[in-house]
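Student: Just a sequence and a predicted model for now, questions to come.
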Amino acid sequence: LAGKAPTKVLNDGNKIPTLALGTFGFEDIPKMRSAVNYAIEAGYRHIDTAALYDNEQEIGKGISDVLKKGLVKREELFVTTKLWNDKHARDQVVLALRESLAKLGLDYVDLYLIHSPEAMNEDGSPANIDYLDTWKGMEEAKQLGLTKSIGVSNFNTEQIDRIKANSKTVPAVNQIEIHPSNTQEKLVADCFARNIAVMAYSPFGFFVKRGEGNKPGNDDPRMVSIAKKYNKSVTQIVLRYLLDRDLIPIPKSTNQARIQQNIDVFDFHLTPQEIATISSFNKNTSIFS
Ligand SMILES: NC(=O)C1=CN([C@@H]2O[C@H](COP(=O)(O)OP(=O)(O)OC[C@H]3O[C@@H](n4cnc5c(N)ncnc54)[C@H](OP(=O)(O)O)[C@@H]3O)[C@@H](O)[C@H]2O)C=CC1
Ligand SMILES: O=C1CO[C@H](CO)[C@@H](O)[C@@H]1O
């Protein structure tokens, strides 16, 4: 009953499955319960959510279904969630994680991330809270056993180094936007040099800008020819490209066939030349800006 994605050992010794189901999309919240069921049935063992996504309750129902069906045991699952920007005060972190856990119906998560270095007030205005204080709250959450690992998201090298220089715990993970048009080679190398694993969000951001259809369907002849060679789809080639760079992609889908397709990427490898070809699409452009 092992999952399809191999695991990677984090700097704290915990093991993380190297591909996760993405779950962001407010209009998709009602579909998340079935998406989690489809994903676990297809061999996913890692689910990525966040307090921001407002779907932890539906995901919790999906997790409860698969546990009840006996498809997996809790310890075979890896659940990642994130602290939103309006809960950065040190004494809010444990409370925010307890709220997420209650919604998920779990007594611990596997990975808790600071969603972004930017602290905000509830109205979205900037708050004057240093993420070093937030990180202390994260360490407390870990000490309490509410999360196995702690990490960050959307942090740059300088911000990671400030945590490293001022804290006992180094982030286990940095979750950032990575796809062929935003390859992030420097930040990834900096994370790896510090023994920090990297999760790649918006893996299909190569094909679409947010709000412009959101339907990957790339027909670039170079991508199509690599896909033909391996008898895979272009989206599968993008996921394999990220895996072959030792990253942990987070493809989001609520559609059963696409959920299955997105994890069917562990039976081939790209050549260094193909990886270089795909990296040559880099424009250092974020889909969010
Ligand atoms: N830490 C952070 O700040 C951020 C984290 N994330 C995380 O990363 C995840 C993934 O990123 P996200 O921005 O959602 O986008 P993705 O790059 O995962 O793309 C999702 C889109 O692609 C479609 N799709 C999925 N699989 C296929 C396929 N095989 N063929 C064709 N279309 C497909 C989906 O539609 P459909 O569902 O209909 O299949 C959806 O429209 C998020 O869901 C979230 O968990 C994302 C952004 C920021
Ligand atoms: O995780 C996330 C999902 O996407 C949002 C934008 O649409 C981001 O703001 C957020 O960080």
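Tutor: Done, it's in. Numbers count the residues shown, from 1 in each chain. Ligands and ions are numbered 1, 2, ... in the order given.

Student: Around ligand 2, pick out the residues from the stretch 51-200 of the chain.
Tutor: With CB under 6 Å from any ligand atom as the criterion, the stretch 51-200 of the chain meets ligand 2 at residues 52, 115. Every residue, glycine included, has its C-beta placed from N, CA and C.

Student: For Lys148, give me its contacts.
Tutor: Contacts were defined as CB atoms under 8 Å, 6 or more residues apart in numbering; by that measure Lys148 touches 12, 14, 108-111, 142.

Student: tally of neighbours for the spatially closest residue to Asp219 that is not a sequence neighbour?
Tutor: For Asp219, ignoring the flanking residues on the chain, the nearest one in space by CB to CB, 6 or more residues apart in numbering is Val234 at 7.8 Å. Here the neighbour count serves as a burial measure; for Val234 (other CB atoms under 10 Å) it reads 19.

Student: Same check on Ala257?
Tutor: 10.

Student: same thing with His269?
Tutor: Around His269 sit 12 other residues, with neighbours defined as other CB under 10 Å.

Student: doesn't Tyr241 make contact with it?
Tutor: No. Under the contact definition of CB atoms under 8 Å, His269 does not touch Tyr241, with a separation of 10.3 Å.

Student: In which helix or strand does Asn262 reside?
Tutor: Mapping Asn262 onto the secondary structure by DSSP states H and E places it in helix 256-263.

Student: Outside of that helix itself, list whatever touches it.
Tutor: With contact meaning CB under 8 Å, 6+ apart, helix 256-263 is reached by 4-5, 19, 21, 34-35, 38-39, 42-44, 233, 235-236, 239, 251, 253.

Student: Give the next helix or strand downstream of that helix.
Tutor: Following the chain from helix 256-263 toward its C-terminal end, the next helix or strand by DSSP H and E is helix 272-279.

Student: now that following helix: mean pLDDT?
Tutor: For helix 272-279, mean pLDDT rounds to 97.

Student: Show me the shaky parts of the stretch 151-289 of the chain.
Tutor: Under the criterion pLDDT under 70, the flagged ranges of the stretch 151-289 of the chain are 208-217.

Student: What segments of the protein are helices?
Tutor: Along the chain, the segments classed as helices by DSSP state H run 32-42, 56-68, 90-104, 131-143, 157-166, 185-193, 221-230, 234-244, 256-263, 272-279.

Student: Flag every buried residue along the first one.
Tutor: Using 16 or more other CB atoms under 10 Å as the test for burial, helix 32-42 gives 32-40, 42.
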